[in-house]
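Novice: Quick one, fold the following:
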Amino acid sequence: MSDLPALLLASLSPHTRKQAEQSLTALSSQPGFLPHLLRLVLEPSQDRSVRLAASVFFKNVVKNRWEDEEGPVPENDKASLRNDLVPAMIALSAPTDKAVRAQIAESISLIASVDFPQPWTDLIDTDYSVNIGVLQTAHSIFQPWRAATRSDSLFSVINYVLERFSKPFLGLFQMTAHSLLTNAPGDATSTLALRAQAMALMIDIFYDLTCQDLPPDMEDSHAVFFGPESGLFLQFLAWDPAELQGDPDETTPSLPSLIKTGILEIAEVYIKLYPETLQTSASVEAIVQGVWVLVGNGKRSSVADDGLVSQSLRFISTAIRTGYYKQLFASKETISGLVQGVVVPNVGLREHEIEQFEDDPLEYIRLDLSLPSASGGLGLGSHDAVTRRQAAADVVRALVSSGMETETTEVTGAWINQGLQEYNNNKTKEDSWKAKDTAVYLLTAVATRGSTTQHGVTSTNALVDVVQFFSEHVFQDLQAEPGSVHPLLQVDAIRFLYTFRTQLTKPQILSVLPMLVKHLGSDNYVCYTYAAISIERILFIKQGGRLLFTQADIHEFAPALIDALLKKVEQGATPEKVAENDYLMKCIMRVIITARSSLVAEFQRILSRLVAILGVISKNPSNPNFDQYIFESISALIRFVVAARPDSLPVFEQALFGPMTIILQQDIEQYIPYVFQLLAQMLELHTSDVPVAYRDILPILLTPANWQQKGSIPGLVKLLKAFLARDARQMIVTGQYTAVLAVIQQRLIPSKLNDGWGFELLQAVVQYIPPSDLKQYFRALVVTLLTRMQTSKTDNFTYYFVYFLLFSMAIKVEGLAPDFVVGAVEEVQPGLWSQLLSNIVVPQVPKMLTKDRKVVAVGLTRLLTQSAVMLREPSVQHWSLAFAALVKLFSEPQHLTKDKDEDPDAGLTVIDYEEQNAGYQAAYSRLAASESVAVDPVAYVRDPRDFLGQELVRLTKADPRVKALLTADPSTAPFLQALAGAGYSI
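Specialist: Sure thing, here's the model as predicted:
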């Protein structure tokens, strides 16, 4: 491992990265690798970039292999790391080690989520003296609780921690707070800055410990922290020592600013989760007063204080929304003071934001569109990254949505009119646009009662006429020629449409849509990107569960729209620049999905340009969202164009096979899952002979290397299912179906992660490979399944196993009768089927999901009525038990028939990755457009109840003994009577 530093350095260069990463991955499987890597991270004589790269690689190996089924971290290495990681954090306490320490802290958090409290029982037994590394370790362990779902297992871990940690932590907190607030002198190991940094971490830990429930020790010492006169939190809101104040031009928050922000986050959590505790004293009133002193009248205008100001305003919004403190905010005088002193000073754009608009437009867009939650929901653990102006506007929204709209509208309306008048009187002045920008932003805030990121404004303030304001003040900027008004006013006009899109009628939107299309040609990055974002969201509007806009609405200008968007994407000079703006590609995807088959005449030009872009970005994949949207665009184009013109399929294949082959050959792992899905989609569209090009790929798919990449497995399964559905005869001739069986038995079924994919592929095998060819392998297959049931059964595996058995019995394949399956089980061990039936199959039947119930009902019916084994000992003893389970399924008959009105494109129309935190760490990225309409595997049965009645009539005529079996369980009598009433006389 001596060449490890050189490999880590090589992994930082785009030219040598691929090879270096492959070598590092190979080394990482060696015993002792992670402890060695940790020592390298801690070696101060090593190059800084080597240490940082080592810490990142350390974290990634922990993340991917600590609990991996194949090649997990050796137990000896795990034990060694559990001993060494906390001391490592202590060793990394220096300010210069901050970046490395963050990676090791995240590694501890990942390990603790699996190994704490067992077997890492001594993790929190460290001496928690004031030490940055130790405190950050604690925070890294507890922080995941913020986003965790409440459960018994979570609370058992929290209680374990509180028993050992709570009292010493509170003691340390109070001791450190006292030393800071009294300005006690310290030595080199406890300087004021170090103690303040420790206090900031302890504030974070306090939040961690109280984010799920209020611990008894915290509740007992509530007055110590929240007391309205001498509580530590109130004292820290006023604490601002001169020696810790940063430079006014500094952009990083000072330590006192971080402490105050953390305290206000805690106060917000308490308002939401523990309002009764807060109401035992005047704490909230005192904090509101403290916030006013902190940020009122435009104080703290520096960038470094953005987080503090935003959180201060967020606290006020939360307090207003709870309704507990209405008397504090309800008077017109208070509302006027809030708007004038807090909202207006923070809602205007500042100089650095205008610079960002010009110099870093993507970051401007990201911040400007990260709308705060207006629902007042908890959102714990995901503090909205809101800008000052969003936080200020949210105070207005909180007032409007809390029954104070009359006073708020009147007060805010005066400021809006003042801003508009100032602009109209001074249009020629260079900065006059700022007054109108602020006015439009304030109007957006006061007009909004409720909103979501996905749908924009969902309810408005009845006292504000949004459409009238748009026509009188905003429309002029939307239709203005570029250069005639400030670009930010044009962006404001586009954002206004974006925000209130669901409040406009379809004709109103259609009348302004051409103007949005025109803005795609703008030279201003934010302007054309906002136009793309707005068009995409408009095309996503739904009414009554259906999309509002169809291909009939956009077919005339869809090609020009796509052309304008592609031109902007193609402007990028490097792979990274081409892929940076995923908003443009998302809009292209949405236009293709909406325009559908109307793109038939233009599809070749669109396809060739998408393929060219793919060729560029594949040289250095850098934006997972862009990748998802470009592949989704290609997939949607295939779906709709081939449906309208089947002879276009070879055109797609000719355009895509070359680039996809290169992706596979160069092992571009981010794109391989997409390639498999596109190949499967095109293969499924063949209705006659399968082209040779596909058959040439099949042997490659079956090599073990492809199945080692976790993210590829779902796509591979989809592609192999397509081969089985379209080319099973050829796979039998070549014997390749046996390789598919080997993959199922060796790679998929033994894996807890991939067994579901194994069963999905196995179902395709029994559906398309004739039983005569399958028979010689079926017993071994059953043994594999039973072995897994015996050695490492899970609830999911039991579900898949039972469904597979009943699926195999339900489908109509010549030679595949229920006794084909039952016989294979009996071959393993005589009498085994009756045990399986009574102990596993029958108990599982009531647990089957709605979507699977028809198959289960048909499978059980065929088992009971078409199996000779079921009427022989010992299985016959369980016949009545299985029949009773089947009858229970019929108690919810609506789940046994398919809805004829189901939208075949329902899955496609909901494509929306806006809420996803996509990244290359994701195991699998599904292409919604490539998904074919689900086919009912038992479509030959229209009504499972009628099918059961027919089969029972036939069986009782052939074997009178069955009548006694039918009546053995009295609970089935009403069902049998209903069958008789329906004409099935048994």
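
Novice: Would you state the strands of the stretch 501-650 of the chain in chain order?
Specialist: 542-543, 546-547 (DSSP state E, counting those that start in this stretch).

Novice: which of these sits most buried?
Specialist: strand 546-547 (a mean of 14; mean count of other C-beta atoms under 10 Å). Where C-beta positions appear, they are placed from N, C-alpha and C, glycine not excepted.

Novice: What strands line up against that strand, and which way round?
Specialist: strand 542-543 (antiparallel) (DSSP bridges).

Novice: Give me the contacts around the strand it pairs with.
Specialist: Leu548 (C-beta atoms under 8 Å, 6 or more residues apart in numbering).

Novice: What mean pLDDT does that strand get?
Specialist: For strand 542-543, mean pLDDT is 90.

Novice: Buried ones in whichever strand or helix holds Ser49, by neighbour count?
Specialist: In the assignment (DSSP states H and E), Ser49 maps to helix 48-65. Buried residues in helix 48-65, counted by 16 or more other C-beta atoms under 10 Å: 50-62, 64-65.

Novice: Please apply the same query to stretch 176-184.
Specialist: Buried residues in stretch 176-184, counted by 16+ other C-beta under 10 Å: Thr176, Ala177, Ser179, Leu180.

Novice: what's the answer for stretch 737-753, then?
Specialist: Applying 16+ other C-beta under 10 Å to stretch 737-753 flags 737-741, 743-745, 747-751 as buried.

Novice: Looking at those residues, which is nearest Lys506?
Specialist: Distance to Lys506, by C-beta to C-beta, is smallest for Leu748 among the buried residues of stretch 737-753, at 48.1 Å.

Novice: So the closest one sits against Val765, correct?
Specialist: No - Leu748 lies out of contact with Val765 (C-beta atoms under 8 Å); the separation is 11.7 Å.

Novice: Now stretch 943-951: buried residues?
Specialist: Buried residues in stretch 943-951 (16+ other C-beta under 10 Å): Pro944, Arg945, Phe947, Leu948, Gly949, Glu951.

Novice: Correct me if wrong: the second one contacts Ser891.
Specialist: Pointing back at Arg945 there. No - the pair Arg945 / Ser891 is not scored as a contact, 11.2 Å apart, by C-beta under 8 Å.

Novice: Low-confidence ranges, the stretch 51-200 of the chain, go.
Specialist: 125-130, 188-189 (pLDDT under 70).

Novice: returning to that earlier point: out of the buried residues of stretch 176-184, which comes closest to Pro874?
Specialist: Using C-beta to C-beta, Thr176 is the member of those that sits closest to Pro874, with 72.0 Å.

Novice: element containing the closest one, please.
Specialist: Short version: Thr176 belongs to helix 152-181, going by DSSP H and E.

Novice: Quick check: what element follows the host helix or strand of Trp292 along the chain?
Specialist: According to DSSP H and E, Trp292 maps onto helix 283-295. Per DSSP H and E, the first helix or strand lying C-terminal to helix 283-295 is helix 306-322.

Novice: Between helix 283-295 and that following helix, find me the angle.
Specialist: Relative orientation of helix 306-322 and helix 283-295, computed by axes from the mean of the first three to the mean of the last three C-alpha atoms, to 10 degrees: 150 degrees.

Novice: and the gap between Glu570 and Ala595?
Specialist: 20 Å (C-beta to C-beta, to the nearest Å).

Novice: go on, Arg17?
Specialist: 39 Å.

Novice: what's the closest of the strands of the stretch 501-650 of the chain to Ala398?
Specialist: strand 542-543 (27.6 Å).

Novice: Pull the distance from that closest one to the chain's centre.
Specialist: 23 Å (C-alpha atoms, centre = their mean, to the nearest Å).

Novice: ok, back up a step: higher neighbour count, Glu570 and Ala595?
Specialist: More neighbours surround Ala595 than the other of Glu570 and Ala595, with 29 against 12 (other C-beta atoms under 10 Å).

Novice: and the more buried one, what is it in contact with?
Specialist: Gln551, Ile554, His555, Ala558, Phe640.

Novice: now swap in Glu285 and tell me
Specialist: Each residue near Glu285 by C-beta under 8 Å, 6+ apart is listed here: Pro228, Tyr325, Leu328.

Novice: distance of it from Val291?
Specialist: Glu285 is 11 Å from Val291, by C-beta to C-beta.

Novice: ok, now Ala885?
Specialist: The value you get for Ala885 to Val291, if C-beta to C-beta is used, is 62 Å.

Novice: Neighbour count for those two, which is higher?
Specialist: Neighbour tally, Ala885 and Val291, criterion other C-beta under 10 Å: the higher count belongs to Val291, 23 against 20.

Novice: and the nearest residue to Glu243 once chain neighbours are set aside, what does it touch?
Specialist: Spatial nearest neighbour of Glu243, chain neighbours left out: Leu192 (6.3 Å); criterion: C-beta to C-beta, 6 or more residues apart in numbering. Taking C-beta under 8 Å, 6+ apart, we find Leu192 in contact with Leu180, Asn183, Gly186, Pro241, Glu243, Leu244.

Novice: just these now: which is nearest Gly615?
Specialist: Leu244 (52.9 Å).

Novice: how near is the closest one to Val821?
Specialist: From Leu244 to Val821 the distance is 74 Å (C-beta to C-beta).

Novice: Report the secondary structure element holding Val411.
Specialist: helix 405-425.

Novice: For the helix or strand just after that helix, C-alpha coordinates in CSV please.
Specialist: Once the chain leaves helix 405-425, the next helix or strand it forms, by DSSP H and E, is helix 433-447. Provided in CSV are the C-alpha atoms of helix 433-447 (Å, rounded to 0.1, in the frame of the first residue of the first chain):
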residue,chain,number,x,y,z
TRP,A,433,-35.8,49.2,-10.9
LYS,A,434,-34.9,48.1,-7.3
ALA,A,435,-38.0,49.9,-5.9
LYS,A,436,-40.3,48.0,-8.3
ASP,A,437,-38.4,44.7,-7.7
THR,A,438,-39.1,45.0,-4.0
ALA,A,439,-42.8,46.0,-4.6
VAL,A,440,-43.4,42.9,-6.8
TYR,A,441,-41.7,40.7,-4.3
LEU,A,442,-43.8,42.1,-1.4
LEU,A,443,-47.0,41.7,-3.5
THR,A,444,-46.1,38.0,-4.1
ALA,A,445,-45.7,37.6,-0.3
VAL,A,446,-48.9,39.3,0.7
ALA,A,447,-51.0,37.6,-2.0
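
Novice: The helix or strand following helix 433-447 - contacts with which helices or strands?
Specialist: Sequence order places strand 448-452 as the next helix or strand after helix 433-447, per DSSP H and E. Strand 448-452 makes packing contacts with helix 388-401, strand 456-460 when contacts are defined by 3 or more C-beta pairs under 8 Å, 6 or more residues apart in numbering; DSSP states H and E.

Novice: Neighbouring strands - and their directions - for strand 448-452?
Specialist: With DSSP bridges as the test, strand 448-452 is paired with strand 456-460 (antiparallel).
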